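Peer 1: Okay, sequence plus prediction incoming.
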Amino acid sequence: MASSSSSSSLTRSFTSRRASSLSSFRCFSLSRSRSSSRAAVSAAAISAVADVGAAVRGGGGRWSELLPEILEDIIGRVEKSEERWPSRRNVVACACVCKRWRDVVKYVVDPPFKSGIITFPSCLKQQGPRDNAVQCLIKRDKNNSTFYLYLSASPSSFSEKGKFLLAAKKVRRGAHTEFIISLDADDFSQGSQEYVGKLSSDFLGTNFTIYDGEPPYEGAKPSSSRSTRRFANKQISPQVPTGNFEVGNVAYKFNLLKSRGPRRMNCSLKCPGLGQTTSNNTMNLKSKLTDSDITVLKNKAPRWHEHLQCWCLNFHGRVTVASVKNFQLTATRDQSQPDGKGDEEVVLLQFGKVGDDTFTMDYRQPLSAFQAFAICLTSFGTKLACE
């Protein structure tokens, strides 16, 4: 009799969970044929994510026990309905429920080079899309020598900040200048988990080196320079990298005669190929770096406008204030192209001024947001031999 009661209880429990799963699934089975379907799906997604948060806080386990097909469908609909920030935080909320949800989110959400959307911190070091540039804003705080990178809220708005991505702080190290890049706008310690990398210049401010706080490819060795060491060896575990890894160089041409004209710059970047896609939709690191993984960029030469009496470039409305800092970079060698040659007519990175302390930054493949931000920061360094 006890066994029969236990069996009946288990049956009721399973039926209840099944009904709960189906009820959740029906929330996302809305018709998209009408004009209001997108808003309805978004509302259902937000409601579901709110319920998830309540269940997690209350110790409920029913959300982690959804059938795989239902779970994938739910997250897929949330991902498609929330294309822009801040509503896209619902996708991140789904990944925070449990490991099972996180694995499904990794499988469903496409990386930036496919979707053109930045969702997680790991996306900041992945290549951007090939066809459409990722549009960003850089805000400068002169009082604190700090720079903030945001996604553009809209292509035509330069005052409205979108999703915060990265922050950088300019510091003086003897005769050198460094920009410490972090995920946290208030934490610029190289020993912090928020540390992303840094940019270091020489005394004249004409040569810059970009360092990544993590190995960019398997077998990468940290810089042997003492100045690039992140912490003392006793402060960390063997699994944590102790140094910085060189991933690029930016050089400005000397202008000793102080002649008028735009700055001339060249960049050499280590951009490991996309490699093989794993089962969770992420990319494996390459085992080693080859010559074909080096991308070489140079600034696009502006033309002299006789009527305006100034050097001009076509920024397609994304730059509105004349400045010596404005530039566009094209590739002379691009490993993402089939023949390895760059198309000097395609702008891979453009940077320009739109306000007293506001700048735009637009980048595309093979650059990542981190690399593009580091290159743009070189424009804010003191250049004794370039001005």
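Peer 2: The structure has been received and is ready for your questions.
Peer 1: C-alpha only now, for contacts and for neighbours.
Peer 2: OK.
Peer 1: Could you give the number of residues near the residue lying closest to Thr177 once chain neighbours are set aside?
Peer 2: Take Thr177 and drop its neighbours on the chain: the residue closest to it by Cα to Cα, 6 or more residues apart in numbering is Ser201, 5.4 Å away. The local packing of Ser201 (other Cα atoms under 10 Å) involves 24 other residues.
Peer 1: Which positions in whichever strand in the chain runs longest come out as buried?
Peer 2: Taking DSSP state E as the criterion, the chain has its longest strand at strand 157-173. The neighbour-count check on strand 157-173 (16 or more other Cα atoms under 10 Å) flags Phe158, Lys161, Gly162, Lys163, Phe164, Leu165, Leu166, Ala167, Ala168, Lys169, Lys170 as buried.
Peer 1: Confirm for me that the second one is in contact with Leu151.
Peer 2: Yes - with contacts defined as Cα atoms under 8 Å, Lys161 counts as touching Leu151 at a distance of 7.1 Å.
Peer 1: overlap in contacts of the two?
Peer 2: Residues within reach of Lys161 and of Leu151 at once, by Cα atoms under 8 Å, 6 or more residues apart in numbering, are Leu137.
Peer 1: pLDDT below threshold where in this protein?
Peer 2: Applying pLDDT under 70 to the chain flags the ranges 1-63, 224-242, 255-261, 272-292, 333-342, 382-387.
Peer 1: could you pull out the strands for the protein?
Peer 2: Ranges of strands within the chain are 134-141, 146-154, 157-173, 176-182, 195-201, 207-212, 245-252, 265-270, 294-299, 303-305, 310-312, 327-333, 349-353, 358-363, based on DSSP E.
Peer 1: looking just at contacts, which helices and strands does the fifth one meet?
Peer 2: It refers to strand 195-201. With contacts taken as 3 or more Cα pairs under 8 Å, 6 or more residues apart in numbering; DSSP states H and E, strand 195-201 sits against strand 176-182, strand 207-212, helix 369-377.
Peer 1: The third one too?
Peer 2: Counting contacts by 3+ Cα pairs under 8 Å, 6+ apart, the secondary-structure elements packed against strand 157-173 are strand 146-154, strand 176-182.
Peer 1: Now do that strand and strand 195-201, the angle between them.
Peer 2: Interaxial angle of strand 157-173 relative to strand 195-201 (axes from the mean of the first three to the mean of the last three Cα atoms, to 10 degrees): 70 degrees.
Peer 1: Within the sheet, what are the partner strands of strand 157-173, with directions?
Peer 2: Strand pairing for strand 157-173, using DSSP bridges, gives strand 146-154 (antiparallel), strand 176-182 (antiparallel).
Peer 1: Give me the contact list for it.
Peer 2: Counting by Cα under 8 Å, 6+ apart, 85-86, 121, 124, 137, 144-154, 177-185, 188, 354, 358, 360 sit against strand 157-173.
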